[in-house]
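**Student:** missing the sequence, but the structure's below:
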């Protein structure tokens, strides 16, 4: 959902209490529409995320790490020139508008103190980040010329003007009882939700439905306006509307997230949402920044990574489908080969009854001494062969089936291992957090022959480091990002006395507790196990078994694919995958190199 103006007001209040007075230390632009400002000052350092994406425009503090491009975009360079070292003086929001204005105190090239404004407009497909001096635009993330907009041009050198107000809608902060009644009298036979949405600014569809539900217990409440209006319904809708707007005017905001049963985020709000009546999970979050970071950032980044990895996904799915069909055919042949004993029995019965078989006979009906109940068996014969040749034919088919079964057993085992490897690659693509992760996975697939080798570039990409965490007891925990990194982490980086963890019978990261030969404390072990469970294909389950052992007991099987290991002398612990714990314990940067 878009970030509505009232929810943005809550974010503004939160940012004002946290970042006013802080200085901009770094400026990064990891994505085309995303700006990250690293802030420092008297309080704890933090990072401000500004997104001007059409579907995910927002502003909030973030804990999420981003991978930066090798060359910063031009707009990023301009922001670094003007904003590095600038102090944030205030954070303002035009009333009932989806925009924030940061008043900044910076220094120019001569060292003089100058005023700057960073304006973030969160208005759908023309969302923008605009840098101005006292009144003129220095530059903007998305330049809008007169030919692209019939209302307003946004270009360097022009005087900045705010987006035009929505003339057909009313500001809910300024409406009074008389104005409400006048507007309400026009709502003849319409849905309360649609009337609220089309009449007032700053209200999202979710909030309009919530007002309707609170007034009547039905999100589809109908209005009749001034004609034969239901006085109770009129009073209830008016009461709930002014109650919500009054709370917003007073700054009584609370961050509430909405998720489905699987924990997948569905929506968010500045007030408790009751309309779902238990169908969805409603949770109060610690802050609006944490709520928006959880709803947008990871979800958006994963979607961008999936788009970039579409070719690899296609190659993996094609290879998996081909392998599944091959294994099905091999198992069918295996089932047939399992019937080989019947062929040997036929040969034995023919041999025992040579004297009963006449020349040119096409079948033999004789006592079946393998059943022992006096039953008889009818066996097909080749009339052109002698009895001895017919018996030899059945013995040959028996021997062939026996050898086939051994061969198929080996091939099926190899096929199952290869299928597990392909599934592990799909899992690590889903976990990829940026272009470098994808490039390492691509290199692995080129090495294993699943995709064609690309032309080598002159610039060599630095390898990414494993994900780093610090346990509550201060122990370092490392987790591999992909199969190649899992091998390097377990077989080369980790010490023999370190603790290795992996989700049992699942694809996932190799996790190492660097404990320097000492026994890790129970809390650190459980935290590392929760990380291993979270970064595994079993992360969606409630409980996950995680095996752990000393690294010296983990070996690479001969000919094993990347990431494949065998281990002994292990123990198992049952934990719940915990993404919030992983984010809390995580340190370092995704752009760190090895």
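**Tutor:** Received, thanks. Values in this document were obtained by computation on a predicted structure and should not be read as measured data.

**Student:** Could you use CA atoms for every contact and neighbour count after this?
**Tutor:** Fine.

**Student:** Quickly find the element holding residue 88.
**Tutor:** With elements taken from DSSP states H and E, the one containing residue 88 is strand 87-92.

**Student:** Measure how buried residue 234 is and give me the count.
**Tutor:** Using other CA atoms under 10 Å, residue 234 has 17 neighbouring residues.

**Student:** Tell me the secondary structure at it.
**Tutor:** Here residue 234 is helix, with the state taken from DSSP: H, G, I helix; E, B strand; the rest coil.

**Student:** ditto for residue 105
**Tutor:** Applying three-state DSSP: residue 105 is strand.

**Student:** for residue 142, same thing?
**Tutor:** With three-state DSSP as the basis, the three-state label of residue 142 is coil.

**Student:** I'd like the distance between it and residue 128.
**Tutor:** Noted for residue 142: a distance of 6 Å to residue 128, by CA to CA, to the nearest Å.

**Student:** The two: who's more crowded?
**Tutor:** residue 128 (26 against 17).

**Student:** Show the contacting residues for that one.
**Tutor:** The contact partners of residue 128, by CA atoms under 8 Å, 6 or more residues apart in numbering, come to 52, 120-122, 140-142.

**Student:** quick one: which of the residues you listed has the most company?
**Tutor:** Ranking those using other CA under 10 Å puts residue 122 first, with 29 neighbours.

**Student:** Surely that residue touches residue 101?
**Tutor:** No. Using CA atoms under 8 Å, residue 122 is not in contact with residue 101, being 11.4 Å away.

**Student:** which of the contacts of residue 128 lies closest to residue 433?
**Tutor:** Within these, the smallest distance to residue 433 is 20.1 Å, found for residue 52 (CA to CA).

**Student:** Sketch out the low-pLDDT regions of the stretch 451-594 of the chain for me.
**Tutor:** Within the stretch 451-594 of the chain, the stretches with pLDDT under 70 are 455-463, 587-594.

**Student:** Which parts of it are helices?
**Tutor:** 483-488, 522-534, 579-585 (DSSP state H, counting those that start in this stretch).

**Student:** Pick the most deeply packed of those.
**Tutor:** Of the helices of the stretch 451-594 of the chain, the one with the most neighbours on average (mean count of other CA atoms under 10 Å) is helix 522-534, at a mean of 25.

**Student:** what's it packed up against?
**Tutor:** Helix 522-534 sits against strand 499-503, strand 511-514, strand 544-550, strand 571-575, helix 579-585, with contacts defined as 3 or more CA pairs under 8 Å, 6 or more residues apart in numbering; DSSP states H and E.

**Student:** Please name the residues that touch residue 375.
**Tutor:** Here residue 375 is in contact with 367-369 (CA under 8 Å, 6+ apart).

**Student:** from memory residue 483 sits against residue 426, does it?
**Tutor:** No. Shown here, residue 483 and residue 426 do not form a contact pair, counting by CA under 8 Å, at 10.8 Å.

**Student:** ok so, going back, go through the contacts of residue 128 and name the one nearest residue 353.
**Tutor:** The shortest approach to residue 353 among the contacts of residue 128 belongs to residue 52, at 88.4 Å (CA to CA).

**Student:** The closest one and residue 140 touch, don't they?
**Tutor:** No. Contact between residue 52 and residue 140 fails when scored by CA under 8 Å: they sit 10.9 Å apart.

**Student:** Could you tell me the average pLDDT over the helix or strand containing residue 429, please?
**Tutor:** Per DSSP H and E, residue 429 falls inside helix 387-431. Here helix 387-431 scores 86 as its mean pLDDT.

**Student:** distance of the nearest residue to residue 198 once chain neighbours are set aside from residue 163?
**Tutor:** Counting by CA to CA, 6 or more residues apart in numbering, residue 169 is the residue found nearest to residue 198 once chain neighbours are left out, at 6.8 Å. When distance is defined by CA to CA, residue 169 is 15 Å away from residue 163.
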